[in-house]
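Asker: sequence? don't have it. structure:
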């Protein structure tokens, strides 16, 4: 039990499984999500999503439907209610439909997959999200990613530009800086003269998921997604980068890894990026010599401090070290701005 | 008002025992309500002379709970016994336990749970919290375990004893074990075994109902034994059970057996 909740002591991965699944499903650009459960489950999570979207003016509002299970559906089974909601979803002509079950639906054993199998011709993915079974937010997120990965093999391969397909996997859709992180990866990959072929799954249309099986490189948002990627229907030995780059040297290593994976010489790209990092650090040269304190075991922060000539000492000024950590050189620049304001 | 519940393994004869008990209680001039708490809804069939009774949950499904009237779900059977069947979802779908809870709430809201004696006939084992509802929420204050001498039947009875013991720890729970009823299969030393089981869990063997052909014949006539063969020895057994239930004030918190102890007990009384 957490006796004094605070942002740092609140578990970040043990939230509702449904919320995790919704964070993925609602990011399918042409998708409709049906929550198979009481209306309150949907309302709570719609509120959460809308709050997250407030920071993105003009952002698309996801389409979420609830089949509004009540006591009668619990007693007699909720499959008929789900079928009705799916009919309504189909009428909206989505690219795909996600059915996400809730605790109560899992407890009474509704067969969502059987109901979904009767829907046509819109592709339907079913994501079990009964949190009482022991899962949390990340489990829902990963179950949804796996469901869309399974769907990807049923989709035609979209036309690509002929270059290698780099797929970003498992972006944290509720993260404030999610798009900034993707922009940064796009900037880095551009140094190798390649682009991001697929964002799996963030504001991507269903048809684009057909690229996943032919991806040339998977860039996972974080190493914890490895078991999910293991199950992806990609070609054997498809290279992957285990996480978005965090820190100065990790960003250069990201370029080297991507180059190796795609058979591209990354020397020039790394040199250009290293020069860019030097320029960024120079902008914050005024921080040199400042005494700061850092939480232990945050190597990227210690690396930045060393590079800037800062003094890390337990009695120094505590500086923010956000979690999730900032991505790439741009992320380091943003965090240095925050350190500068603190100092 | 006396509220009793008969629990036991599926197929052990709870409904037959309940219906004959209700009939015998009604013959004693008591107003009786029998509530069948089994999705297969055949608890009151003999009392209703085979006339199918619309179940509470069927009515809820067809009309919606607010539109269900007591007259839609309560039938009057032999000797004026009022009969209700909870019913349940189709096999393999939904949650029958929640259906039991919804049924009780509806009956209580409509003021139906009034009688000198209410007899709850509850599905086999305590398979989930919903089927423990009659015990948990104070509807069934006196629980009778119906069992034969077969190990699986004793196992189910012991499980229910566990549920009672657990529920009895709750401050507001008035549910107690009122006794064990042997519905015999005709096994050797069966009554000795069930009496020993009752002793071991801290209860009393309140009746030993022999296996008798009059039961099957009465069922074919769609009547209780008490009505169909009123002068039979079997009817006398049910009437004696009714008298004992009315007089019984010996309520206990059971001491359920471990699996090993239960099996040892069964072995002790089984002829190999």
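Answerer: Yep, that arrived. Quick caveat, the model's predicted, so the values are computed rather than measured.
Asker: after the one helix or strand residue A:43 maps to comes which helix or strand?
Answerer: If you go by DSSP states H and E, residue A:43 is part of helix A:39-53. Sequence-wise, the next helix or strand downstream of helix A:39-53 (DSSP H and E) is strand A:63-66.
Asker: in contact with residue A:39, which residues?
Answerer: By Cβ atoms under 8 Å, 6 or more residues apart in numbering or on different chains, residue A:39 lies in contact with A:66, A:68. C-beta here means a position set from N, CA and C on the backbone, and glycine is covered the same way.
Asker: how near is it to residue A:96?
Answerer: Taking Cβ to Cβ, to the nearest Å as the measure, residue A:39 falls 23 Å from residue A:96.
Asker: can you report phi and psi for the residue in chain A positioned nearest to chain B?
Answerer: Shortest chain A-to-chain B distance, computed as Cβ to the nearest Cβ: residue-wise this is residue A:77, at 3.6 Å. Dihedral pair for residue A:77: phi 100, psi 140, per degrees, to the nearest 10.
Asker: number of residues surrounding it?
Answerer: 22 (other Cβ atoms under 10 Å in any protein chain shown).
Asker: please apply the same query to residue B:59.
Answerer: 18.
Asker: can you check the pLDDT for it?
Answerer: Residue B:59 is assigned 95 on the pLDDT scale.
Asker: so the closest residue to residue B:136 other than its chain neighbours, which state does it fall into?
Answerer: Using Cβ to Cβ, 6 or more residues apart in numbering or on different chains and skipping the chain neighbours, the partner closest in space to residue B:136 is residue B:167 (5.6 Å). Here residue B:167 is recorded as helix under DSSP: H, G, I helix; E, B strand; the rest coil.
Asker: quick check: residue B:167 touching residue B:133?
Answerer: No - Residue B:167 lies out of contact with residue B:133 (Cβ atoms under 8 Å); the separation is 10.6 Å.
Asker: between the two, who's got more neighbours?
Answerer: residue B:133 (23 against 19).
Asker: wait, is that one part of a strand?
Answerer: No - assigned with three-state DSSP, residue B:133 falls outside any strand and is helix.
Asker: need the contact list for it.
Answerer: B:97, B:100-101, B:104, B:139.
Asker: swap in residue A:329?
Answerer: Contacts of residue A:329 by Cβ under 8 Å, 6+ apart are A:184, A:248, A:251, A:273, A:276-277, A:280.
Asker: how close does residue B:75 get to residue B:182?
Answerer: 30 Å.
Asker: I meant to write residue A:260 there.
Answerer: Counting by Cβ to Cβ, the gap from residue A:260 to residue B:182 is 79 Å.
Asker: of those two, which one has the most company?
Answerer: Neighbour count, other Cβ under 10 Å: between residue A:260 and residue B:182, residue B:182 has more, with 24 against 14.
Asker: does that one touch residue B:192 like I think?
Answerer: No - applying Cβ under 8 Å as the test, residue B:182 and residue B:192 come out as separate, 10.2 Å apart.
Asker: for chain A, give me the ranges with low pLDDT.
Answerer: Applying pLDDT under 70 to chain A flags the ranges A:1-14, A:160.
Asker: and it, which of its residues are near chain B?
Answerer: For chain A, the residues in contact with chain B (Cβ under 8 Å from any Cβ of the partner chain) are A:71-79, A:107-110.
Asker: so where is the stretch 151-272 of chain B shaky, pLDDT-wise?
Answerer: Looking at the stretch 151-272 of chain B by pLDDT under 70, you get B:272.
Asker: in it, what residue lies closest to chain A?
Answerer: residue B:163 (19.5 Å).
Asker: correct me, but that residue touches residue B:134?
Answerer: No - between residue B:163 and residue B:134 there is no contact under Cβ under 8 Å: 10.9 Å.
Asker: these two: who's more crowded?
Answerer: residue B:134 (26 against 21).
Asker: which of the contacts of residue A:329 sits closest to residue B:44?
Answerer: residue A:184 (71.8 Å; Cβ to Cβ).
Asker: and that closest one, what is it in contact with?
Answerer: Contacts of residue A:184 (Cβ under 8 Å, 6+ apart): A:327-331.
Asker: would you list those residues in CSV and tack on secondary structure?
Answerer: Below are the contacts of residue A:184 laid out as CSV (three-state DSSP):
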residue, secondary structure
A:327, coil
A:328, helix
A:329, helix
A:330, helix
A:331, helix
